[in-house]
Structure formats: C-alpha cells, structure tokens
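*Asks:* Sequence isn't available, so here's the structure alone:
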C-alpha cells in the first residue's frame with residue numbers, strides 16, 4: 001500500500017513522468033519532428049539533398065546532408081531568436097526548384113559546391129522551422145525534433161539514390177523525378 005501511495009504522490013508532483021505520449025501541440029520533440037516531414041516543400045528539398053549526395057558518392061554521402069543539417073540548425077536558432085531574414089518562403093521555394101534541377105541534371109558536382117548550395121538553402125529552411133516553433137515549445141526538444149526529421153529525410157533520399165543504382169533505368173527515373181520536383185518548385189516560386 002505504501003508503494004502505491006508513493007507512486008500516486010510522485011505522479012501528482014511530477015505529472016510529466018507518467019505521460020506516455022507528447023502532444024503535437026506541445027511544441028516539443030514531436031512537433032519539431034513533424035515540421036520538416038509534413039511540410040511538402042521541406043520534404044521535397046530534403047529528399048533531393050539525400051539523393052544528390054548518393055549520386056555524388058564517396059564522402060559526399062554524409063558531407064552534403066550533414067552540412068544541410070548543421071546550417072539549418074543555425075538558421076533555426078536565428079528564427080527562434082526572432083532575427084529577420086529576407087524572403088524565407090521564396091528561398092525555400094527556390095531550393096525545391098534548384099535542387100530538382102540539380103537532380104534532373106544528374107551531373108557530378110564538386111562536393112564543395114554542393115555543400116555551399118545546400119548550406120545556403122538550409123538557412124531558409126532552418127529559419128522557417130525556428131520562426132514556426134509553437135509558443136509553448138521547449139526550444140532544445142523542438143530543435144532536436146526538426147534536426148532528427150531532416151536527417152531522417154536525408155537518409156531516405158540517400159537510400160533512394162543508392163537503390164536507383166541497382167535498378168534498370170534507375171538514373172533515368174531519378175532524372176524524371178528531379179524534373180517533376182523542379183516543376184513543383186517553379187510553381188512554388190511563382191505562386
């Protein structure tokens with residue numbers, strides 16, 4: 001009986017310990033995780049980053065996505081701090097367009113150029129994540145969530161890119177997918 005009373009007392013004093021799930025509206029990890037996954041423009045750009053890094057091969061497979069994630073986190077901090085950035089939505093839309101074109105081109109880009117390109121776009125994506133953080137959010141958990149979501153999308157893109165090498169006409173299929181993504185990006189730019 002004492003053990004049950006102690007557990008009830010602890011549950012009353014520390015209710016977060018007895019919660020099994022976190023609400024998406026709470027602004028913690030799950031809210032941050034869902035932002036890049038449920039944002040169609042973010043999802044398209046980030047999947048392209050993963051596929052492009054796989055097409056490049058070698059160290060680019062981890063360098064290009066990790067550059068995106070690192071710089072995106074810096075952009076997220078800028079957004080959380082309320083530091084204004086010009087044309088964030090246009091920057092995100094243009095990233096979808098440009099990364100789709102890069103994917104459709106199926107060219108070997110120098111790693112440094114690819115890192116510069118994705119780093120530039122990552123600032124806009126991160127800023128959007130940071131400024132759209134819910135008011136009641138735990139900033140560290142929210143940031144950890146959007147970093148994890150982004151990294152997961154990049155990994156999925158890498159797997160898609162590597163898998164395309166194993167199937168007949170895989171490279172052509174990725175070029176068509178890239179053209180489609182570029183078309184959606186163009187629509188986002190002009191809309």
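*Replies:* Here it is on my side, so go on. Treat the numbers as computed from the prediction; the structure is a model and nothing was measured. Numbers count the residues shown, from 1 in each chain.
*Asks:* host element of the residue sitting nearest the centre point of the chain?
*Replies:* The centroid of the chain falls nearest to residue 150 when counting by CA atoms, centre = their mean (2.8 Å). For residue 150, the host element (DSSP states H and E) is helix 139-164.
*Asks:* ditto for residue 75
*Replies:* Going by DSSP H and E, residue 75 is in helix 60-80.
*Asks:* Residue 130 now?
*Replies:* Here residue 130 sits within helix 111-131, counting by DSSP H and E.
*Asks:* mean confidence score for that helix?
*Replies:* Averaged across helix 111-131, the pLDDT comes to 95.
*Asks:* Also stretch 35-42?
*Replies:* 90.
*Asks:* What residues of that stretch count as buried?
*Replies:* 35-37, 39, 41-42 (16 or more other CB atoms under 10 Å). (Glycine included, C-beta is placed from N, CA and C.)
*Asks:* now swap in stretch 89-103 and tell me
*Replies:* Counting neighbours by 16+ other CB under 10 Å, one finds that the buried residues in stretch 89-103 are 91-103.
*Asks:* Quick check: residue 157 vs residue 87, distance?
*Replies:* 25 Å (CB to CB, to the nearest Å).
*Asks:* Pick out whichever of the two has more residues nearby.
*Replies:* residue 157 (23 against 10; other CB atoms under 10 Å).
*Asks:* Pretty sure that one sits against residue 53.
*Replies:* Yes. If you go by CB atoms under 8 Å, residue 157 and residue 53 touch, sitting 7.4 Å apart.
*Asks:* For these two, list the residues in contact with both.
*Replies:* residue 65 (CB atoms under 8 Å, 6 or more residues apart in numbering).
*Asks:* hang on, the earlier thing: next SSE after the helix holding residue 150?
*Replies:* helix 170-190.
*Asks:* count of neighbours near residue 148?
*Replies:* 16.
*Asks:* thinking it is in contact with residue 33, fair?
*Replies:* Yes. Counting by CB under 8 Å, residue 33 is a contact partner of residue 148 at 5.7 Å.
*Asks:* Tally up the residues packed near the spatially closest residue to residue 114 that is not a sequence neighbour, please.
*Replies:* Of all residues not flanking residue 114 in the chain, residue 64 sits nearest, at 5.0 Å (CB to CB, 6 or more residues apart in numbering). Counted with other CB under 10 Å, residues neighbouring residue 64 total 24.
*Asks:* ok, now residue 117?
*Replies:* By the criterion of other CB under 10 Å, residue 117 has 20 neighbours.
*Asks:* and if you look at residue 132?
*Replies:* 17.
*Asks:* any idea how far residue 100 is from it?
*Replies:* According to CB to CB, residue 132 stands 23 Å off from residue 100.
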